[in-house]
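J.: Return a 3D structure for these sequence lines:
(2 chains)
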Amino acid sequence: LCTLTILINCLCHLGLVDFGFSVLGSILKRGFEPNAFTFNTLIRGLCSKNVIGHALEFFRKVVALGYPRTEVTYGTLINGLCKSGDAVKAVLFLREIDQNGWCIPNLVVYNMIIDGLCKQGLEKEGMNLFTEMKGKGISPDVVTYSSMIHGLCNSCQWKEAAALFDEMMNLGIRPNIVIFTAMIDGFCKGGRLEEARALFNIMLREGVVPDCITYTCLIQGLCNSGQWKEANQLFQQMSQGEVSPSVVTFNILVTALCTEGKAKEAHELFYLMIQKGVEPNLITCNALIDGYCLLGQMDQAMEFFTSMMSRGYTPDTITYSTLIYGYCKLKRMNEAWQLVKEMANKGIIVD
RNA sequence: UGACAUAGACUGCCGCU
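T.: Model (predicted):
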């Protein structure tokens, strides 16, 4: 049974949930009793296929047939609801679990819901649950704090986020790389570079080693506040260390150059990243096209557009709307319409 | 011993002030 459950897990990770259910069928046929691990794995498979409705249906069936469930079962469903953008339903489900006495909501369940609420801009509701869990004697951990801090930063409540960070430190919870980076990114996004740098230094002092994401957040912050030189320094610094820049790091630099009207340099960076073994993605291409469009250099934009397709990239709605907007600004409506038709023909959503 | 759930970075327009 354990082996077959592992098999189901593999199938689900490959997106082959239907085959997973076939395996469940053969488990039953062989007279094995599937356990909670088996059901949890299948529920998770359905959730990651974005068919949360089916996951809930399946769950109801499991309940009706009296098969075993664990707190992970509920957690998986709640996470599924949150990831499908319906944290409110997740809260309702939490209440249902509570009222039926199915299980006592644990730390992970609260963490998932708080994160889901914050990601939907409902950080006030997240805060309420944060208080509620403390009241129930469940102590928030570093994950809880990082979800709350991320949410508060996203709604520009940096002071409140920083206060939570201090609260966590005072409780003796050791901040890890994720929460340091979330807080640093929050400061950067709010243009508070001094605070971001200060926290970065605290992080080093605490012996937490910054990774690619930490550097990338700082580089973006520096770029957005016009501190191009410092951004470059940091980029060199990370390249020399153990940390290699990722495609996101390069994308941020490409975007920053383009915003500065330096599409040509951005294009050179495009080649440099390939040389360094970092494969550009569609975001890189879109950013570069926008760079040319901003300068009104539609020929260069179109030339790159053609070359990216021959490199095997498939343009998306953003690629086309960038180009269309570029032509519109120059009042070249014929070319703009041409592209609208082209994207419609390709079956790309015209929004 | 070994199978299941949670947190961090990047692209266009529009809307909002």
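J.: going forward, measure contacts between C-alpha atoms and count neighbours the same way
T.: Fine.
J.: Check the spacing between the residue lying closest to residue A:68 once chain neighbours are set aside and RNA strand B real quick.
T.: With C-alpha to C-alpha, 6 or more residues apart in numbering as the criterion, residue A:68 has its nearest non-adjacent residue at 5.3 Å, and that residue is residue A:36. If you measure residue A:36 against RNA strand B using C-alpha to the nearest atom of the strand, to the nearest Å, the figure is 6 Å.
J.: what about residue A:36, distance to residue A:24?
T.: Residue A:36 sits 12 Å away from residue A:24, taking C-alpha to C-alpha, to the nearest Å as the criterion.
J.: who's in contact with residue A:316?
T.: For residue A:316, the contacting residues are residue A:348, taking C-alpha atoms under 8 Å, 6 or more residues apart in numbering as the criterion.
J.: Quick check: it vs RNA strand B, distance?
T.: On the measure of C-alpha to the nearest atom of the strand, residue A:316 and RNA strand B end up 8 Å apart.
J.: and what of residue A:350?
T.: As for residue A:350, its distance to RNA strand B is 8 Å (criterion: C-alpha to the nearest atom of the strand).
J.: I figured that residue hits residue A:340, correct?
T.: Yes. Using C-alpha atoms under 8 Å, residue A:350 is in contact with residue A:340, at 7.4 Å.
J.: Who has more neighbours out of those two?
T.: Regarding residue A:350 and residue A:340, a neighbour count based on other C-alpha atoms under 10 Å identifies residue A:340 as having more, with 19 against 13.
J.: Tell me the secondary structure at that one.
T.: Assigned with DSSP: H, G, I helix; E, B strand; the rest coil, residue A:340 falls in the helix class.
J.: now residue A:24
T.: Three-state assignment for residue A:24 (three-state DSSP): helix.
J.: how deep is it tucked in, by neighbour count?
T.: 22.
J.: just the one 3 residues further on next, same as before
T.: The burial count assigned to residue A:27 is 17, neighbours taken as other C-alpha under 10 Å.
J.: can you tell me the helix or strand for it?
T.: With the criterion set as DSSP states H and E, the secondary-structure element containing residue A:27 is helix A:17-29.
J.: now do residue A:125
T.: helix A:123-135.
J.: Can you give me the buried ones in that helix?
T.: Taking 16 or more other C-alpha atoms under 10 Å as the neighbour-count basis, helix A:123-135 is seen to contain the buried residues A:123, A:125, A:126, A:127, A:129, A:130, A:133.
J.: Give me the pLDDT value at the fifth one.
T.: Meaning residue A:129. Among the per-residue scores, residue A:129 holds a pLDDT of 95.
J.: Look at the nearest residue to it once chain neighbours are set aside and say how many residues are nearby.
T.: Distance criterion C-alpha to C-alpha, 6+ apart; nearest residue to residue A:129, sequence neighbours excluded, is residue A:114 at 6.8 Å. By the other C-alpha under 10 Å criterion, the neighbourhood of residue A:114 contains 29 residues.
J.: coming back round to it: mean confidence for whichever helix or strand comes after the helix holding residue A:27?
T.: Towards the C-terminus, the helix or strand next in line after helix A:17-29, according to DSSP H and E, is helix A:36-48. When pLDDT is averaged along helix A:36-48, the result is 92.
J.: Helix A:17-29 and helix A:36-48, what's the angle between them?
T.: Here helix A:36-48 runs at 160 degrees with respect to helix A:17-29, directions being taken by axes from the mean of the first three to the mean of the last three C-alpha atoms, to 10 degrees.
J.: My understanding was that residue A:91 contacts residue A:113; is that so?
T.: Yes. Distance between residue A:91 and residue A:113: 6.9 Å, which falls inside the contact criterion (C-alpha under 8 Å).
J.: So for those two, which residue has more residues nearby?
T.: Taking other C-alpha under 10 Å, residue A:91 and residue A:113 do not tie; residue A:113 has more neighbours (30 against 22).
J.: wouldn't the more buried one be in contact with residue A:90 here?
T.: Yes. Under the criterion of C-alpha under 8 Å, residue A:113 lies in contact with residue A:90, with a separation of 6.7 Å.
J.: Identify the contacts common to these two.
T.: Contact with both residue A:113 and residue A:90 is made by residues A:78, A:79, A:82, according to C-alpha under 8 Å, 6+ apart.
J.: In space, what's closest to the first one - neighbours in sequence excluded?
T.: Here the nearest residue to residue A:78 in space, its sequence neighbours aside, is residue A:90; by C-alpha to C-alpha, 6+ apart that works out to 5.2 Å.
J.: and the helix or strand hosting that neighbour, anywhere near RNA strand B?
T.: Assigning secondary structure by DSSP H and E places residue A:90 in helix A:87-100. No. Applying C-alpha under 7 Å from any atom of the strand, one finds helix A:87-100 out of contact with RNA strand B, separated by at least 12.0 Å.
J.: The helix or strand following that helix versus helix A:123-135: what angle between them?
T.: If you walk from helix A:87-100 toward the C-terminus, the next helix or strand you reach (DSSP H and E) is helix A:107-119. With the same axes, to 10 degrees as the basis, helix A:107-119 and helix A:123-135 are set at 160 degrees to each other.
J.: Helix A:107-119 and RNA strand B in contact?
T.: Yes. With C-alpha under 7 Å from any atom of the strand as the threshold, helix A:107-119 lies in contact with RNA strand B, specifically through A:107, A:108, A:109, A:111, A:112, A:115.
J.: Please tell me which one of those residues counts the most neighbours.
T.: Ranked by neighbour count under the definition other C-alpha under 10 Å, those are headed by residue A:115 with 28 neighbours.
J.: Check whether it really touches residue A:126, as I assumed.
T.: Yes. At 7.4 Å, residue A:115 and residue A:126 qualify as touching, with contact defined as C-alpha under 8 Å.
J.: Right, I'll call it a day here.
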